[in-house]
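Student: attaching a predicted model along with its sequence, questions to come.
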Amino acid sequence: MPASANIENPEDKITSSLKKVKHHYPDNTLAFCQRVAQLPYVQAIIGGHFENTTKARIKDKKISEDGIVQLLWADGEKAVRLTIQTTAQGRPQTRKVAEQIRELLENE
């Protein structure tokens, strides 16, 4: 598994744009981000553009060599792209992190 990000407060991993809720993000976006931030190898969670889908999922083609996982968080009506920066190095480690995040998505 990847190394720990060594960030004591998980809230520090979530960008202010997600915390301030200036945009009308899908329901429970912040709560989901807080669960993901509990993973020790997560460095940052960044909100992105809204997407035209109603299904939450990991964007499998967006799992990169440099530890970045992109996913869609949706509430059945709208979705937002979330970029999760991790300490993973290489595609195998990043896939392991993505699987743990996928488990969190499935338990929603």
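Tutor: Thanks, I have the structure now.
Student: could you use CA atoms for every contact and neighbour count after this?
Tutor: Will do.
Student: tell me the SS of the residue nearest to Asn6 when sequence neighbours are not counted?
Tutor: Distances taken as C-alpha to C-alpha, 6 or more residues apart in numbering place Pro40 nearest to Asn6, at 7.3 Å, with adjacent residues excluded. Three-state call for Pro40 (DSSP: H, G, I helix; E, B strand; the rest coil): coil.
Student: so what's the residue count around Pro40?
Tutor: For Pro40, the neighbour count with other C-alpha atoms under 10 Å is 17.
Student: same thing with Val36?
Tutor: Counted with other C-alpha under 10 Å, residues neighbouring Val36 total 23.
Student: quick check: it is in a strand.
Tutor: No - assessed with three-state DSSP, Val36 is helix; it does not lie in a strand.
Student: now the lowest-mean-pLDDT helix or strand in the chain, how far from the chain's geometric center?
Tutor: One helix or strand of the chain scores below all others by mean pLDDT, DSSP states H and E: strand 57-63, with a mean of 81. Counting by C-alpha atoms, centre = their mean, to the nearest Å, strand 57-63 is centred 11 Å from the centre of its parent chain.
Student: report the buried residues of that strand.
Tutor: 57-58, 63 (16 or more other C-alpha atoms under 10 Å).
Student: same for that strand, what does it pack against?
Tutor: Packing contacts for strand 57-63, counted by 3 or more C-alpha pairs under 8 Å, 6 or more residues apart in numbering; DSSP states H and E, involve strand 68-74, helix 90-106.
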